[in-house]
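Asks: this one's structure only:
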Ligand SMILES: [Zn+2]
Ligand SMILES: [Zn+2]
């Protein structure tokens, strides 16, 4: 996942590739914790545009992951995709001191990636994009009913009578109050 600066022509370079999650160390770590998180290959589409020593990258990616719903605890698969932009900028060496100039920028936040020796290393920034796109609180669907807090049944599968019972009890209690008052 390295690109030579020379490979990017004046009209830019479009680059599409797919890889397994275990091509990416960060994703391989995640896979170790969850059972089979990534269920499909990762497909990246990139367009790189060079302007002097600066390279702007417009990219997108897509893959599928297996998740567990936080409401109903059912396993489900979800497409994870995202668009991103990155800016590659060379690390500038001070020729007098041989020290690398540190720019006062929060490199990560601005999507800035440093490169040296005219080689762009895409591995780290690309796997970071995937990790950031993973859902933190997965839901199988927006309208997931979850589990009944009383009996634990999956309310997406079958409505239970717990809520109705609760309502009936309240109603009876209210009705009782009214009767008491009218006496
Ligand atoms: Zn659910
Ligand atoms: Zn119930």
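Replies: Noted; the coordinates are in hand. Here the structure is a predicted model, which means the values were calculated and not measured. Residues are numbered from 1 along each chain as shown. Ligands and ions are numbered 1, 2, ... in the order given.
Asks: so what's the residue positioned nearest the centre of the chain scoring on pLDDT?
Replies: Against the mean C-alpha coordinate of the chain, by C-alpha atoms, centre = their mean, the closest residue is residue 133 at 1.5 Å. Per-residue confidence (pLDDT) for residue 133: 94.
Asks: my read: it touches residue 79, true?
Replies: No - counting by C-beta atoms under 8 Å, residue 133 sits too far from residue 79 to count as a contact (10.3 Å). (Each C-beta comes from the backbone N, C-alpha and C, glycine too.)
Asks: Could I get the average pLDDT for stretch 17-35?
Replies: 85.
Asks: ok, now stretch 156-175?
Replies: Rounded mean pLDDT across stretch 156-175 is 77.
Asks: Likewise for stretch 71-79?
Replies: 95.
Asks: Around ligand 2, pick out the residues from the protein.
Replies: Along the chain, the residues adjacent to ligand 2 under the rule C-beta under 5 Å from the ion are 148, 150, 151, 160, 162.
Asks: residues contacting the last one?
Replies: Put plainly, it is residue 162. Neighbour list for residue 162: 148, 149, 150, 151 [criterion: C-beta atoms under 8 Å, 6 or more residues apart in numbering].
Asks: Over to the residue nearest to it when sequence neighbours are not counted. Which of the three states is it?
Replies: Counting by C-beta to C-beta, 6 or more residues apart in numbering, residue 162 lies nearest to residue 150, which is 3.8 Å off, once chain neighbours are set aside. At residue 150 the chain is in coil, as set by DSSP: H, G, I helix; E, B strand; the rest coil.
Asks: now do residue 82
Replies: Residue 82 ends up strand, using three-state DSSP.
Asks: what's the pLDDT at it?
Replies: So, for residue 82, pLDDT stands at 95.
Asks: Tell me the bridge partners for it.
Replies: Beta-bridge partners for residue 82, by DSSP bridges, are residue 61.
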